[in-house]
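S.K.: Fold the following, please.
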Amino acid sequence: MSASPHDWDSSYTGQGPAPWDIGRPQAPFVALADRGQLTGDLLDAGCGTGEHALLAAASGAHAWGVDLSGTAIGIATQKAADRGLVATFRADDILRIALPKDGFDVVVDSGLFHVFTDDERMRYTTVLANLLRPTGSLYLMCFSDRQPGDWGPRRVTQDEIRNTFADGWSIESIEPATFEINPVFGSTTVAAWLATIRRV
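M.R.: Numbering: from 1, shown residues only. As a prediction, the model looks like this:
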C-alpha cells in the first residue's frame with residue numbers, strides 16, 4: 001500500500017485524534033444500518049478503530065474489521081469489549097490477508113479506496129471479487145472531486161469508480177455524501193461519494 005503500517009500507527013499516537021477518527025460511524029453508514037443493509041457476514045476494510053464494524057455487529061452482523069494499524073485494531077478490540085459486542089479485528093494488509101474462504105455478504109469501505117494508487121485499486125477489486133459472495137454488496141465512501149483544495153487524500157471522480165469496477169460488478173448508485181472529520185484547516189466536513197456496488 002501507499003503507506004507503511006508504521007505510518008498509519010502514527011496517525012493514532014500523535015497529538016489529538018486522526019482527522020477521520022471521529023469516535024462514531026459516518027452518518028451514511030448509520031442510514032444503511034437503519035435500512036437493514038449491514039447484515040450477514042460483513043467485512044469493514046480499513047476499519048480504523050472499528051466504528052463501522054461495531055455498528056454492523058450491533059445490527060446483528062457477523063462483523064470483521066481489518067486495518068494496517070495495529071494501534072487502531074487494539075482500540076477497536078477494546079471498544080468491542082467495552083460495548084459488549086462481538087467482532088473480529090485483525091491488523092493486516094487487505095491486499096494480502098487470508099480471510100475466510102466462505103467470503104462475505106457485505107464489504108464496507110469508509111475512506112480506504114481513496115488511499116490506493118491506480119495499481120493498488122485494481123488489486124483491491126480482485127481481492128474484493130474473491131471476498132464477496134455472488135450478489136454481495138460493497139458500500140464504498142471516498143473523497144470526492146467536488147471537494148476543493150489539495151490537502152488530504154486524493155480526490156476521486158465518479159468515472160474513476162465506474163472504470164475501476166467495470167468488470168464483474170454492477171454499480172447501483174453513486175451519490176453525493178459527506179464525511180464528518182475532526183477539524184482540519186477549519187473544516188469539519190468534506191465532500192464524498194457513496195457508491196453501492198454489487199458483485200455479479
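S.K.: is the closest residue to I97 other than its chain neighbours in a bridge, and if so with what?
M.R.: Once flanking residues are discounted, I97 sits nearest to V66: 5.9 Å by CB to CB, 6 or more residues apart in numbering. No exception for glycine: its C-beta is placed from N, CA and C like everyone else's. Beta-bridge pairing for V66 (DSSP bridges): A45, R90.
S.K.: give me the number of residues near V66?
M.R.: V66 has 21 neighbours, counted by other CB atoms under 10 Å.
S.K.: That one and A98 touch, don't they?
M.R.: No: between V66 and A98 there is no contact under CB atoms under 8 Å: 10.9 Å.
S.K.: What segments of this protein are helices?
M.R.: 5-11, 27-34, 51-58, 70-83, 118-131, 158-164 (DSSP state H).
S.K.: from those helices, which stretch is densest packed?
M.R.: Neighbour counts (mean count of other CB atoms under 10 Å) averaged over each of the helices of the chain peak at helix 51-58, with a mean of 26.
S.K.: Just name whatever secondary elements it is in contact with.
M.R.: If contacts are counted by 3 or more CB pairs under 8 Å, 6 or more residues apart in numbering; DSSP states H and E, helix 51-58 sits against helix 27-34, strand 41-45, strand 62-67, helix 70-83, strand 87-91, strand 104-110.
S.K.: For the protein, which residues score under the pLDDT cut-off?
M.R.: Scanning the chain for pLDDT under 70 picks out 1-6.
S.K.: And for it, the residue most distant from the center?
M.R.: Within the chain, G186 marks the point farthest from the mean C-alpha position, 24.2 Å out by CA atoms, centre = their mean.
S.K.: Just the CA atoms of stretch 160-174, as PDB, please.
M.R.: This file holds the C-alpha atoms of stretch 160-174, laid out as PDB (Å, rounded to 0.1, in the frame of the first residue of the first chain):
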ATOM      1  CA  GLU A 160     -12.800   6.500 -11.700                       C
ATOM      2  CA  ILE A 161     -15.100   4.500  -9.600                       C
ATOM      3  CA  ARG A 162     -17.000   3.200 -12.600                       C
ATOM      4  CA  ASN A 163     -13.900   2.300 -14.500                       C
ATOM      5  CA  THR A 164     -12.300   0.500 -11.500                       C
ATOM      6  CA  PHE A 165     -15.500  -1.600 -11.100                       C
ATOM      7  CA  ALA A 166     -16.300  -2.100 -14.700                       C
ATOM      8  CA  ASP A 167     -15.700  -5.900 -15.000                       C
ATOM      9  CA  GLY A 168     -17.700  -8.300 -12.800                       C
ATOM     10  CA  TRP A 169     -19.600  -5.600 -10.900                       C
ATOM     11  CA  SER A 170     -22.900  -3.700 -11.100                       C
ATOM     12  CA  ILE A 171     -22.800  -0.200  -9.900                       C
ATOM     13  CA  GLU A 172     -26.200   0.500  -8.500                       C
ATOM     14  CA  SER A 173     -25.600   4.100  -7.400                       C
ATOM     15  CA  ILE A 174     -23.000   6.800  -6.800                       C
END
